[in-house]
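> 3D, please:
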Amino acid sequence: MPTNDPDSAIPGPLTPLRAQLGEDGWLEELGPRHLAMFQPRGNTLLVEFEALAPLLRRKSAEPWSAGLARKRGWSTLTIVSRGRTWFRDPAVFDFFDDLTDGGFFDDYDSVVFAGAGVKGYAAAAFSVAAPGSTVFLCAPFATLDPNETPWEHRFRGDRSLSFGPRYGYAPDMVDAAARVYVVTDPAEPADAMHASLFRGPHVVHLRAHHGGPRLGARLEAMGLLDQLFSEAEQGTLTPQRFARAWRARHRDEVWLSNVLRKLDTMRRPWLQAVFAGAMYDRTGAASARRRLNEALARLKEEGKRPPAGREPAPDSDSGRLLLAGE
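So this is what the prediction gives:
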């Protein structure tokens, strides 16, 4: 809801962003470090948060949700930051205040706030502007306030930012939401601790084991976000439904490789042989073949039996069995 002519302040490098919005959309500067992009479509509004540099590097210069929004006929409001600001800016606060006071969110049957990581923090924090909304978060931060999260040692340079009182402590800001979905990887301790601070009967925790530190990107790469967002907006997303969708990880080589690397540090050759063998059977990946053969060689050295029916995998090029260390 721009308060002035938005195009008058848009510099040349942002032209790709303005061009994608068409005649009905608008782009507004929110101070020197943030932008707001709005694309009207249907009666569901998706509010998301982006960083400018990665956005401009995309071929289409579109937010990650653009395809989903077009497919679903959703309107989108995207807040874009120049750098890692955590969206802690009075200009952004005032913008959301104006939207609320002007009844902007009241024009929609459904409002969904979404984000991952730092952007998940922002999605949660600003969801308070639209009571009754749905909030979908991947590995969100609760705050960087050391009084609330003294165990958080990442982003030390950002601790000088003020995380209150306006739109501050994210777990409190989602209290007015109708539903809150928090996807996290229990194997990432710091992320899991942040996620545990989001509590209440309207909060649904969804566990993506070994999804890694960039969980939102992993879900996007697996092609799961369309389904998850649709079910979240409808209120039908449950831990059981998420678990079924998360089975797609068994076909995702990045996820499989992440688990393989974790098994490397555990020094459990029998377990590594089981997992690497299953991964090799499914994908034929060279990394799985190498680790399978290394694990089987180690079991042989230790005089232990390999998993039932598991034998060394041949070199895919020559049919020669690879020995450990080759």
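> Contacts only, for the nearest residue to residue 191 once chain neighbours are set aside.
Computed as Cβ to Cβ, 6 or more residues apart in numbering, the closest residue to residue 191 that is not its neighbour in sequence is residue 139, at 4.5 Å. The C-beta positions use only the backbone N, C-alpha and C, and glycine is treated the same way. Going by Cβ atoms under 8 Å, 6 or more residues apart in numbering, residue 139 touches 116-117, 120, 183-185, 188, 191, 194-195, 211, 213, 215-216.
> next one: residue 173
By Cβ under 8 Å, 6+ apart, the neighbours of residue 173 are 124, 125, 126, 127, 128, 167.
> Would you list the phi and psi of the residue nearest to residue 191?
Dihedral pair for residue 139: phi 40, psi 50, per degrees, to the nearest 10.
> what's the pLDDT at it?
With respect to pLDDT, residue 139 has a value of 97.
> And for the most centrally placed residue in the chain, nearest residue in space, chain neighbours not counted?
Closest to where the C-alpha atoms of the chain average out (Cα atoms, centre = their mean) is residue 216, at 1.9 Å. Distances taken as Cβ to Cβ, 6+ apart place residue 116 nearest to residue 216, at 2.6 Å, with adjacent residues excluded.
> low-confidence ranges in this protein?
Scanning the chain for pLDDT under 70 picks out 1-13, 316-326.
> can you map out the helices along it?
Along the chain, counting by DSSP state H, helices occupy 15-20, 52-57, 66-72, 90-101, 118-126, 170-173, 189-196, 215-221, 225-234, 239-246, 253-266, 269-283, 286-301.
> State the distance from the residue nearest to residue 191 to residue 116.
6 Å (Cβ to Cβ, to the nearest Å).
> Touching both of the two, which residues are there?
215, 216.
> between the contacts of residue 139, which is closest to residue 105?
Closest approach to residue 105 among these (Cβ to Cβ): residue 120, at 19.5 Å.
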